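Asks: I need the structure of the sequence given here:
(one chain, ligands or ions: 1)
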Amino acid sequence: MKVKVFADAHGAGRAAAREAARQLRERPGSVLGLATGHTMIPVYGELVRLHEEEGLSFKQAVTFNLDEYVGLGEGEQDSFCEFMKLRLTKQVDLAPGSFHIPNGLNMDTTAECRAYEKMIRDAGGMDLIILGLGRNGHIGFNEPGSPLNSRTRVVALLEVTRRTNDDDFRFVKETPREAITMGIATILEARRILLVVTGWEKAEILSRTLTSAPFPELPASFLHTHSDVTLIADGEAMEAYLEAVGDSGITFNVGPPA
Ligand code: GLP
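Replies: Presented below is the predicted three-dimensional model:
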């Protein structure tokens, strides 16, 4: 895993956006995997700025979001779908039909999950996926216990996840109990992975992720099995890891900007 550390969440967000922009400039028809959550707000803010001010185009791109709550979907104000429209997809020139997210309103969840996997495959797989990290080590909504071979499916959200996400619900009375998420295997099939982690609240779990062998109780630890993962973090998120490695330290190459 490559590690890049930035002064704050905005710096990390801008760096993640620049990586995604580079991917799009090299291959305009790229298939991108996208996450929701607070960590992504500066990432999408910078992508929108790059589109508006520096001509970054999404015209040929295709996107697949990681997850959605069961019972929420397009038009529901607290859905991940609306988060994406507000923060990114409606703010750039993505072609109609190129933005995909599991439909949490589809009553036939089995069919929905199967169709989502097929759509990703038919698009040629994801070139780059941007992930956040849950406080309990989840990626997407793959909660602790998620196996390495898991695919897009319905998952029960743990109480700790529901409580952490409570603040996101202004219109839904109760934080949903289930979600549809890409599986670990689905995520790991992406050719490149960016893991974006910021803030002191993530320091402990990031340290455990970086030092743990891959195992289901810490889903993010499965990222060690992938050959092209870049962690983009801020100083706060890295703090517990740096304490844990102590004397052995880690080496950074620091020089004047290119
Ligand atoms: C969410 C999402 C994840 C996200 C994670 C962290 O609920 N399902 O995709 O990465 O939890 O969210 P945040 O960035 O708000 O801390």
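Asks: my read: residue 83 touches residue 36, true?
Replies: Yes - counting by Cβ atoms under 8 Å, residue 36 is a contact partner of residue 83 at 5.0 Å. The way it works is simple: take the backbone N, C-alpha and C, and place the C-beta from them, glycine included.
Asks: Show me the beta-bridge partners of the residue nearest to the spatial centre of the chain.
Replies: Among the residues of the chain, the smallest C-alpha distance to the mean C-alpha position (Cα atoms, centre = their mean) belongs to residue 131, namely 2.3 Å. In this entry, residue 131 is beta-bridged to residue 195, by DSSP bridges.
Asks: Enumerate every residue touching it.
Replies: Applying Cβ atoms under 8 Å, 6 or more residues apart in numbering, we find residue 131 in contact with 33, 35, 66, 139-140, 187, 193-196, 223.
Asks: Could you rerun that using 10 Å?
Replies: 16, 33-35, 37, 39-40, 66, 138-140, 187, 190, 193-197, 220, 223, 229, 231 (Cβ atoms under 10 Å, 6 or more residues apart in numbering).
Asks: Now narrow these to whatever sits close to the ligand.
Replies: 35, 37, 39, 66, 140 (Cβ under 6 Å from any ligand atom).
Asks: Let's have those residues in CSV, adding pLDDT, neighbour count and secondary structure.
Replies: CSV is the format used below for these (pLDDT from 0 to 100; neighbours: other Cβ atoms under 10 Å; DSSP: H, G, I helix; E, B strand; the rest coil):
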residue, pLDDT, neighbour count, secondary structure
35, 98, 23, coil
37, 96, 19, coil
39, 98, 25, coil
66, 98, 27, coil
140, 98, 28, coil
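Asks: Figure out how far the longest helix along the chain is from the centre of its chain.
Replies: Ordering each helix of the chain by length in residues (DSSP state H) puts helix 9-26 first. Between the centre of helix 9-26 and the centre of its host chain there is 13 Å, according to Cα atoms, centre = their mean, to the nearest Å.
Asks: And the average pLDDT for the helix or strand just after that helix is what?
Replies: Using DSSP states H and E, the helix or strand that directly follows helix 9-26 along the chain is strand 31-34. Averaged across strand 31-34, the pLDDT comes to 98.
Asks: Sort out which residues of the next helix or strand after strand 31-34 are buried, please.
Replies: Per DSSP H and E, the first helix or strand lying C-terminal to strand 31-34 is helix 40-54. By neighbour count with 16 or more other Cβ atoms under 10 Å, helix 40-54 contains the buried residues 40-48, 50-51.
Asks: Ok, stretch 21-39 next?
Replies: Using 16+ other Cβ under 10 Å as the test for burial, stretch 21-39 gives 21, 23-24, 30-37, 39.
Asks: Kindly report the same for stretch 116-123.
Replies: Using 16+ other Cβ under 10 Å as the test for burial, stretch 116-123 gives 116-117, 120, 123.
Asks: just those now: which is nearest residue 146?
Replies: Using Cβ to Cβ, the shortest approach to residue 146 within the buried residues of stretch 116-123 belongs to residue 117, at 15.5 Å.
Asks: Let me see the contact set for the closest residue in space to the closest one that isn't next to it in sequence.
Replies: For residue 117, ignoring the flanking residues on the chain, the nearest one in space by Cβ to Cβ, 6 or more residues apart in numbering is residue 152 at 4.9 Å. Taking Cβ under 10 Å, 6+ apart as the definition of contact, the neighbours of residue 152 are 64, 66-67, 102, 109, 112-120, 140, 180-183, 185-187.
Asks: repeat for residue 147
Replies: Taking Cβ under 10 Å, 6+ apart as the definition, contacts of residue 147 comprise 183-185, 216, 219, 222.
Asks: how close does it get to residue 32?
Replies: 25 Å (Cβ to Cβ, to the nearest Å).
Asks: Setting aside sequence neighbours, what's the nearest residue to the residue of the stretch 151-258 of the chain found nearest the ligand?
Replies: Closest to the ligand within the stretch 151-258 of the chain is residue 165: 5.2 Å, counting by Cβ to the nearest ligand atom. Once its chain neighbours are removed from consideration, residue 165 has its nearest residue in residue 175; the separation is 5.8 Å (Cβ to Cβ, 6+ apart).
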